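Student: Fold the following and give me the result.
(one chain, ligands or ions: 1)
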Amino acid sequence: MTPKHPSESLTVLTDLVLPSETNHINNLFGGELLARMDRAASIAGQRHSRCITVTASVNHVAFAKPISLGSVVTIEAKVSRAFRSSMEVYIDVWVEDRISGIKTKANEAIYTFVAVDENGKPVEVAPIIPETELEKKRYDAALRRKQLSLVLAGKMKPEEATELKALFV
Ligand SMILES: CC(=O)SCCNC(=O)CCNC(=O)[C@H](O)C(C)(C)COP(=O)(O)OP(=O)(O)OC[C@H]1O[C@@H](n2cnc3c(N)ncnc32)[C@H](O)[C@@H]1OP(=O)(O)O
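Tutor: Numbers count the residues shown, from 1 in each chain. Next up, the predicted model:
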């Protein structure tokens, strides 16, 4: 299968924070952000694989900064690494200042998507060739994150997670 670059899956979603999407202190509700990120990451996975994609796991979410009512929120999702049928999708969340237009990083997350056929059976996807320094860094660490996710899900024995173990021993 012909390899692809992360930029080919880039998906950018920009939207406002409305009153119905906030918590009691007028900040974006975490579950709403998770849903927006899931949608963007799903499209990134589809753009990479040209298949139906399903969320297999949410590997990491950091709600680093609150996002207030009325904010303009931009979600950028890109496939950071592809395995056989699974893809790690890295998501960066930015908030845009209404006056200056300057974007500040508010959150990031890492999801795993699996490409499936019409019957929900996993199908092979193209490999990824990272280009930028950041893409290379994310690509290199993705195998460790996949192993950690599989161990936590009870789908891999800790002793089989060789890349992950190498971090500690
Ligand atoms: C866009 C949406 O929100 S979709 C709705 C939410 N998501 C869903 O409904 C998905 C429900 N789950 C499923 O359909 C299945 O569990 C699947 C398709 C994700 C996996 O199916 P399985 O029968 O476990 O297939 P299999 O064991 O071959 O795993 C497929 C791939 O997923 C990977 N995988 C499975 N679980 C995990 C996990 N928890 N973390 C990381 N990777 C995982 C496997 O390592 C494998 O990767 P590889 O092919 O790249 O080596």
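Student: need the residues of this structure near the ligand, please.
Tutor: 38, 42, 54-57, 83-86, 112, 114, 116, 120, 122, 146, 149-150, 153, 155 (CB under 6 Å from any ligand atom). C-betas here are computed from N, CA, C, even on glycine.
Student: quick one, phi psi at residue 91?
Tutor: Reported as degrees, to the nearest 10, the phi and psi values for residue 91 are phi -120, psi 130.
Student: What separation do you get for it and the ligand?
Tutor: Distance from residue 91 to the ligand, counting by CB to the nearest ligand atom, to the nearest Å: 13 Å.
Student: In contact with that residue, which residues?
Tutor: By CB atoms under 8 Å, 6 or more residues apart in numbering, residue 91 lies in contact with 37, 40-41, 75-77, 108-111.
Student: in the sheet, who's paired with it?
Tutor: Applying DSSP bridges to residue 91 yields these beta-bridge partners: residue 77, residue 109.
Student: what's around residue 50, how many residues?
Tutor: 12 (other CB atoms under 10 Å).
Student: picking up where we left off before, among the residues of the chain next to the ligand, name the buried ones.
Tutor: 38, 42, 56-57, 83, 85-86, 112, 114, 116, 146, 149-150 (16 or more other CB atoms under 10 Å).
Student: Rebuild those residues as TSV, extending it with secondary structure and pLDDT.
Tutor: Converted to TSV, those look like this (DSSP: H, G, I helix; E, B strand; the rest coil; pLDDT from 0 to 100):
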residue	secondary structure	pLDDT
38	helix	98
42	helix	98
56	strand	97
57	strand	97
83	coil	98
85	coil	98
86	strand	98
112	strand	98
114	strand	98
116	strand	98
146	helix	96
149	helix	95
150	helix	96
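Student: For residue 9, state which of the residues you listed is nearest.
Tutor: residue 42 (10.9 Å; CB to CB).
Student: Touching, that closest one and residue 56? I think so.
Tutor: No: counting by CB atoms under 8 Å, residue 42 sits too far from residue 56 to count as a contact (11.3 Å).
Student: who touches both of the two?
Tutor: residue 113.
Student: for the chain, what spans make up the strands?
Tutor: 11-16, 52-62, 72-82, 86-96, 103-116 (DSSP state E).
Student: May I have the phi/psi pair for the residue of the chain most remote from its centre?
Tutor: Most distant from the centre of the chain: residue 99, at 28.9 Å, with distances by CA atoms, centre = their mean. The phi and psi values for residue 99, taken as degrees, to the nearest 10, are phi -80, psi -50.
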